[in-house]
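Colleague: let's see this in three dimensions:
(one chain, ligands or ions: 1)
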Amino acid sequence: MTETCDVLVVGLGPAGASAAAAAAARGSRVIALDRRRAPGRPVQCAEFVPAMIAAHADDVARSERQRIEAMATYVEDDPPDPTPDFRGRMLDRAAFDAALVARAVRAGAEVRFSSPVRRVAADGTVLLSDGARLSARVLVGADGPRSVVGRAIGSVNTALVETRQITVPLAAPHAATDIFLSARIPGGYGWLFPKGAIAHVGAGVVPSERARLKEIVAALHARLVADGRLGRDILAITGGAIPVGGMLRVQGALGDTAVLLAGDAAGLANPVTGAGIAAAVHSGRLAGEAAASGGYHEYEEELRDVYARSLARALSRRRELLASAAPGKRELRRAWIAYPEYWQ
Ligand SMILES: Cc1cc2nc3c(=O)[nH]c(=O)nc-3n(C[C@H](O)[C@H](O)[C@H](O)COP(=O)(O)OP(=O)(O)OC[C@H]3O[C@@H](n4cnc5c(N)ncnc54)[C@H](O)[C@@H]3O)c2cc1C
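Modeller: Numbers count the residues shown, from 1 in each chain. This is a model prediction of the structure:
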């Protein structure tokens, strides 16, 4: 038996929950699946969103845990370069994802957790690990960087950054995101993002350096403990992959099933900063609207209009940085958004 619906969403992160809500609000019969047991858990995120995301999700307000006012960028061991007026919010990401899922349910979507998708067949049928089969008029792939749905239409995130993040006590209140650029963190950067009395400290690197992540994050932690800014205790550890290869082809077909990709599955995370929450919420909403209306080509065009330019700039800066075996301070600055060279 194959269960059917109008719109089948795989993944209930910010992209999938936004897609499910938008399609259900337009009258589609929506089923949305996630392999996790509950929304947003375990959290695999540093939880920072730019202030402007509020335009896309008022759920941000309820999930907000701290305001961010500025950014401070440390290049190697130099004193920090301040970027005032870099505003954003630190979220409780699990609460944020849960709020988006609740919104989808209120709109009429049927959400199912503990439902891992094993495979998508060539005719668009979705096969779950427990043997269940589902098919739909439109399949929305919002299943993250290693999307099973994307793979079925040949849209695969081949460039990834691997991350590790620890959560530690913060010695004194802090209202900036601190960024650490160094040749010793290849293809990525280190971060300290404050969240009330705690902070996330992490780093992302090219996959070939993944084995060094533990030591890189431990060194950053030790430096910040020595500076008196952080406590020694490690309260939580997380990590995960971030797509950094830019936007993929986001629509296709499998038999009679139209396929749309959104969020990380569509390659919308920024290749330099790794930020992807805002783009996931936005693209998810657009994908849900397109799934309900049939405007599949318009969906791809709108995403290209909004994201192509900034993704292309980030990609080109990232490639320049990777081309240098031992980047100096000038190369590190040119590849970071705080510096005018990045925007030139
Ligand atoms: C360590 C780390 C820190 C980050 N920090 C930030 C930050 O501070 N700010 C920011 O903007 N971005 C950050 N990001 C990126 C951000 O988390 C992603 O861009 C964002 O989560 C993308 O949302 P999404 O809905 O596309 O995908 P996801 O949030 O990854 O959701 C995908 C969902 O699909 C489900 N799924 C996957 N495969 C299957 C399957 N086979 N069957 C069923 N379900 C499946 C998953 O369980 C998951 O719930 C960070 C990423 C990492 C790894």
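Colleague: can we go C-alpha only for contacts and neighbour counts from here?
Modeller: OK.
Colleague: touching, residue 2 and residue 131? I think so.
Modeller: No: using C-alpha atoms under 8 Å, residue 2 is not in contact with residue 131; the gap is 10.3 Å.
Colleague: who's in contact with residue 334?
Modeller: Counting by C-alpha atoms under 8 Å, 6 or more residues apart in numbering, residue 334 touches 317, 340-342.
Colleague: same check on residue 141?
Modeller: Counting by C-alpha under 8 Å, 6+ apart, residue 141 makes contact with 9-11, 16, 147-150, 259-262, 265.
Colleague: and if we set it to 7 Å?
Modeller: 9-11, 147, 149-150, 260-262, 265 (C-alpha atoms under 7 Å, 6 or more residues apart in numbering).
Colleague: tell me the confidence at the closest residue to it other than its chain neighbours?
Modeller: Using C-alpha to C-alpha, 6 or more residues apart in numbering and skipping the chain neighbours, the partner closest in space to residue 141 is residue 261 (4.6 Å). Predicted confidence (pLDDT) for residue 261: 98.
Colleague: one more: the one 3 residues further on?
Modeller: In the predicted model, residue 264 carries a pLDDT score of 98.
Colleague: centroid-nearest residue for this structure?
Modeller: Among the residues of the chain, residue 276 comes closest to the average C-alpha position under C-alpha atoms, centre = their mean, at 3.4 Å.
Colleague: by neighbour count, which of the contacts of residue 141 wins?
Modeller: residue 262 (36 neighbours; other C-alpha atoms under 10 Å).
Colleague: how near is that residue to residue 152?
Modeller: Distance of residue 262 to residue 152, given as C-alpha to C-alpha, to the nearest Å: 14 Å.
Colleague: interface residues of the stretch 101-250 of the chain facing the ligand?
Modeller: Residues of the stretch 101-250 of the chain found near the ligand (C-alpha under 6 Å from any ligand atom) are 115-118, 142-144, 147-148, 163, 165, 239-242.
Colleague: what subset of those is buried?
Modeller: Among these, those classed as buried by 16 or more other C-alpha atoms under 10 Å are 115-117, 142-144, 147-148, 163, 165, 239, 241-242.
Colleague: in helices, which of those fall?
Modeller: Counted as lying in helices by DSSP state H, out of those, are residue 148.
Colleague: which parts of whichever helix in the chain runs longest are buried?
Modeller: Identified as the longest helix of the chain according to DSSP H is helix 296-323. Going by neighbour count (16+ other C-alpha under 10 Å), the buried part of helix 296-323 is 296, 299-300, 303-304, 307-308, 311-315, 317-319, 321-322.
Colleague: so for it, mean pLDDT?
Modeller: Averaging pLDDT along helix 296-323 gives 97.
Colleague: list the helices and strands it packs on?
Modeller: Contacting helix 296-323 under the criterion 3 or more C-alpha pairs under 7 Å, 6 or more residues apart in numbering; DSSP states H and E are the following elements: helix 277-293.
Colleague: can I get the helix it packs on in PDB? Just the C-alpha atoms.
Modeller: Output of helix 277-293 as PDB, limited to C-alpha atoms (Å, rounded to 0.1, in the frame of the first residue of the first chain):
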ATOM      1  CA  ILE A 277      18.700  29.500   9.100                       C
ATOM      2  CA  ALA A 278      17.200  32.600   7.500                       C
ATOM      3  CA  ALA A 279      17.600  31.200   4.000                       C
ATOM      4  CA  ALA A 280      16.000  27.900   5.200                       C
ATOM      5  CA  VAL A 281      12.900  29.600   6.600                       C
ATOM      6  CA  HIS A 282      12.600  31.900   3.500                       C
ATOM      7  CA  SER A 283      13.100  29.200   0.900                       C
ATOM      8  CA  GLY A 284      10.900  26.800   2.800                       C
ATOM      9  CA  ARG A 285       8.000  29.200   2.700                       C
ATOM     10  CA  LEU A 286       8.500  29.800  -1.000                       C
ATOM     11  CA  ALA A 287       8.800  26.100  -1.700                       C
ATOM     12  CA  GLY A 288       5.500  25.400   0.100                       C
ATOM     13  CA  GLU A 289       3.800  28.200  -1.800                       C
ATOM     14  CA  ALA A 290       5.100  26.800  -5.100                       C
ATOM     15  CA  ALA A 291       4.200  23.300  -4.200                       C
ATOM     16  CA  ALA A 292       0.600  24.400  -3.600                       C
ATOM     17  CA  SER A 293       0.400  26.700  -6.700                       C
END
